[in-house]
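Novice: how does the following fold in three dimensions:
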Amino acid sequence: MAFKCEKDKFYMQPIFFGPTTTMQSMEGKRILHQPSNVECLGVSFETNQEQVDALLPECFTSNAPVISVQACEFNDIGWLAGHSYTLINVSTPVHFKGERDDLDGDLVLVMFENHADPIVAGRDGIGYSKIYADMPKFGHYEGKCTARAYSWDFKFMDLELDLNGEAEDPKRMMDLAAQSQGKMNYRYIPSVDDITVPDAEYPVFNPKKWEKPADYKWEIKAPQSQFCKGTVKFYEPKWEDMPTYYRVGKGLADLEIKKYLGGQHIFYTEPCDYMHSFRLR
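Specialist: Okay, here's the model as predicted:
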């Protein structure tokens with residue numbers, strides 16, 4: 001009997017061994033997992049409007065020439081059987097107006113992660129612009145928190161929060177966060193027949209508001225947040241430093257930092273329930 005995908009089952013490559021059992025059981029029933037404990041180091045800065053506009057697909061318009069960089073350590077992740085990973089999310093506030101949807105959100109320009117499982121799941125399942133980077137554990141010393149990122153041993157990012165310093169413009173940071181209704185992504189899959197054209201290309205939305213299922217048995221704690229002083233530095237690579245993603249490393253390093261809005265240190269619990277994402281139209 002030949003292999004055939006079963007109806008209403010969730011598959012990811014390689015498909016030959018059956019449906020994926022991370023978010024669904026073998027019977028297709030949705031599985032709920034314990035939330036992750038997250039520490040987030042965030043820095044926001046104002047850059048050139050022209051640089052932001054040049055990054056946006058035509059379906060998006062910029063809400064502000066602001067770049068936010070968030071380094072997050074996810075610990076005790078339920079859907080990963082209690083394992084941990086680290087990510088760096090680089091985003092900018094945008095607006096999408098289509099035939100059906102009219103939404104504000106944060107467009108993920110790139111998300112680095114240090115494990116293949118969340119990268120593959122996020123790219124295949126909901127169209128996140130995820131790629132790999134090495135990220136050591138956050139540093140904590142004398143009221144400062146640090147995050148670093150490497151590609152092929154080349155350090156391309158340094159981020160630092162000074163918990164004893166004051167954020168330059170926390171109100172603007174809060175206003176932009178309140179305006180956002182969720183994360184925007186842009187799914188792009190090149191064709192096998194001609195890699196210069198896509199098999200799939202469309203914007204995706206992941207709502208910020210999460211509805212707790214009636215049978216969800218874990219507590220979601222209120223976030224603990226502190227605005228503070230923060231800085232981020234992207235180092236320009238040579239092609240040999242980041243041969244696959246040189247364009248990404250250079251693009252980040254080229255972003256002008258006109259002024260910092262500030263830093264933010266957050267502890268929160270994350271349900272990691274991304275099954276509510278949808279294609280924007």
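Novice: in the sheet, which strands lie alongside the longest strand seen in the chain, parallel or antiparallel?
Specialist: Among the segments of the chain that qualify as a strand by DSSP state E, the longest is strand 83-97. Looking at strand 83-97 with DSSP bridges, its paired strands and their directions are strand 60-62 (antiparallel), strand 66-77 (antiparallel), strand 102-113 (antiparallel).
Novice: alpha carbons of that strand, as PDB, please.
Specialist: What follows is the C-alpha trace of strand 83-97 in PDB, where atoms were taken according to Å, rounded to 0.1, in the frame of the first residue of the first chain:
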ATOM      1  CA  HIS A  83      14.000  21.900  26.200                       C
ATOM      2  CA  SER A  84      15.200  25.500  25.600                       C
ATOM      3  CA  TYR A  85      16.300  27.700  22.800                       C
ATOM      4  CA  THR A  86      17.200  31.400  22.200                       C
ATOM      5  CA  LEU A  87      16.000  33.700  19.500                       C
ATOM      6  CA  ILE A  88      16.700  37.200  18.200                       C
ATOM      7  CA  ASN A  89      13.700  39.000  16.600                       C
ATOM      8  CA  VAL A  90      14.300  42.000  14.400                       C
ATOM      9  CA  SER A  91      11.100  43.800  13.500                       C
ATOM     10  CA  THR A  92       9.500  47.100  12.400                       C
ATOM     11  CA  PRO A  93       6.000  48.500  12.900                       C
ATOM     12  CA  VAL A  94       3.800  48.300   9.800                       C
ATOM     13  CA  HIS A  95       0.300  48.500   8.500                       C
ATOM     14  CA  PHE A  96      -1.400  46.000   6.200                       C
ATOM     15  CA  LYS A  97      -4.600  47.000   4.300                       C
END
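Novice: quick revisit: P237 is nearest to which of the strands paired with strand 83-97?
Specialist: strand 102-113 (13.6 Å; Cβ to Cβ). In this view, the C-beta of every residue, glycine as well, is placed from N, C-alpha and C.
Novice: before we move on, back to that, got the strands paired with strand 83-97 as TSV, with mean neighbour count columns?
Specialist: What follows is the strands paired with strand 83-97, written out as TSV (neighbours: other Cβ atoms under 10 Å):
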stretch	mean neighbour count
strand 60-62	16
strand 66-77	21
strand 102-113	21
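Novice: possible to save those as JSON lines with distance to D134 and mean pLDDT?
Specialist: Converted to JSON lines, the strands paired with strand 83-97 look like this (distance: least, Cβ to Cβ, whole Å; pLDDT from 0 to 100):
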{"stretch": "strand 60-62", "distance to D134": "30", "mean pLDDT": "98"}
{"stretch": "strand 66-77", "distance to D134": "13", "mean pLDDT": "97"}
{"stretch": "strand 102-113", "distance to D134": "9", "mean pLDDT": "98"}
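Novice: can you get me the start-to-end distance on stretch 195-212?
Specialist: Taking Cα to Cα, to the nearest Å, the span from the opening residue of stretch 195-212 to its closing residue is 41 Å.
Novice: ok, stretch 164-177 next?
Specialist: Counting by Cα to Cα, the length from the leading to the trailing residue of stretch 164-177 is 23 Å.
Novice: ok, residues contacting that stretch?
Specialist: Applying Cβ atoms under 8 Å, 6 or more residues apart in numbering, the contact partners of stretch 164-177 are 44, 63-64, 66, 68, 93, 143, 227-230, 259-264.
Novice: restricted to buried residues, select those residues in ChimeraX.
Specialist: The command below creates a ChimeraX selection of those among these that count as buried (16 or more other Cβ atoms under 10 Å):
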select :44,63,64,66,68,93,227,228,229,230,260,261,262,263,264
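Novice: of the contacts of stretch 164-177, which belong to helices?
Specialist: Members of the contacts of stretch 164-177 lying in helices (criterion: DSSP state H): none.
Novice: take the contacts of stretch 164-177 and keep only those in strands.
Specialist: Secondary-structure check on the contacts of stretch 164-177 using DSSP E: residues within strands are 44, 66, 68, 93, 227-230, 259-264.
Novice: columns distance to K171 on top of these, output as CSV?
Specialist: CSV is the format used below for those (distance: Cβ to Cβ, whole Å):
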residue, distance to K171
S44, 12
V66, 13
S68, 15
P93, 15
F227, 10
C228, 15
K229, 15
G230, 16
K259, 14
Y260, 14
L261, 9
G262, 10
G263, 14
Q264, 13
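Novice: and the strands paired with strand 83-97 as a markdown table, adding distance to T86?
Specialist: Converted to a markdown table, the strands paired with strand 83-97 look like this (distance: least, Cβ to Cβ, whole Å):
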| stretch | distance to T86 |
| --- | --- |
| strand 60-62 | 27 |
| strand 66-77 | 5 |
| strand 102-113 | 7 |
